[in-house]
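>>> no sequence for this one, just the structure:
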């Protein structure tokens with residue numbers, strides 16, 4: 001049996017493996033294509049994980065948030081375009097979404113006024129930026145809901161086949 005890690009500043013990959021109670025050898029067996037030495041390098045930040053390794057870890061460790069973490073913090077493109085999503089309870093996600101939608105509903109007419117001529121004048125800029133920020137909050141909340149769904153699927157709380165079937169039917 002492997003010994004418990006005593007490292008103080010563990011990264012997310014190390015924390016996730018520890019939470020599962022896996023040694024590097026057992027994690028390697030679970031991951032199938034990542035040797036223990038590579039896991040050690042990733043966990044001690046002597047090597048950055050490759051996207052396919054993170055995807056595999058997220059699937060096998062049943063931790064979809066690893067992909068978002070990687071994209072938001074370690075991928076050069078993602079660092080520019082992908083916000084880090086924090087896992088929240090479903091009720092909090094829904095309340096945040098409704099609050100943002102309510103704010104936007106009040107500004108819908110103003111958005112039409114601002115964009116009708118295709119030009120955003122200086123006197124329209126504050127309202128436009130406010131609306132754009134609220135839309136970004138909605139986008140992040142949608143991503144949070146998606147991540148929550150993926151976590152529930154990974155943990156068996158939501159039936160993956162039924163979920164995918166319904167998603168396909170509604171497209």
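Structure received. Everything numeric in this text was worked out from a predicted model, so none of it was measured.
>>> what's the burial count for residue 17?
24 (other Cβ atoms under 10 Å). All C-beta atoms are positioned from the backbone trio N, CA, C, and that covers glycine.
>>> Look up phi and psi at the residue lying farthest from the centre of the chain.
For the chain, the residue at maximal distance from the C-alpha centroid (Cα atoms, centre = their mean) is residue 117, at 36.4 Å. In terms of degrees, to the nearest 10, the main-chain angles of residue 117 are phi -90, psi 0.
>>> same deal with residue 43?
phi -70, psi -30.
>>> nearest residue to it other than its sequence neighbours?
Nearest residue to residue 43 in three dimensions, chain neighbours excluded: residue 14, at 3.9 Å (Cβ to Cβ, 6 or more residues apart in numbering).
>>> residues in contact with the helix or strand where the one you found lies?
In the assignment (DSSP states H and E), residue 14 maps to helix 12-19. Outside helix 12-19, the residues that touch it by Cβ atoms under 8 Å, 6 or more residues apart in numbering are 4-5, 7, 10, 24, 27, 39, 42-44, 49, 57, 61, 63, 66, 69.
>>> and stretch 135-148, how far out from the chain's middle?
9 Å (Cα atoms, centre = their mean, to the nearest Å).
>>> Equivalent analysis for stretch 78-88, please.
6 Å.
>>> Ok, stretch 148-165 next?
For stretch 148-165, the distance to the chain centre is 16 Å (Cα atoms, centre = their mean).
>>> got it, and stretch 116-131?
For stretch 116-131, the distance to the chain centre is 31 Å (Cα atoms, centre = their mean).
>>> I would like the residues contacting it, please.
With Cβ under 8 Å, 6+ apart, stretch 116-131 has contacts from 104, 107, 110, 111, 113, 114.
>>> With adjacent residues omitted, what lies nearest to the last one?
So the one you mean is residue 114. Residue 114's closest residue in space is residue 124 (Cβ to Cβ, 6+ apart), at 4.5 Å.
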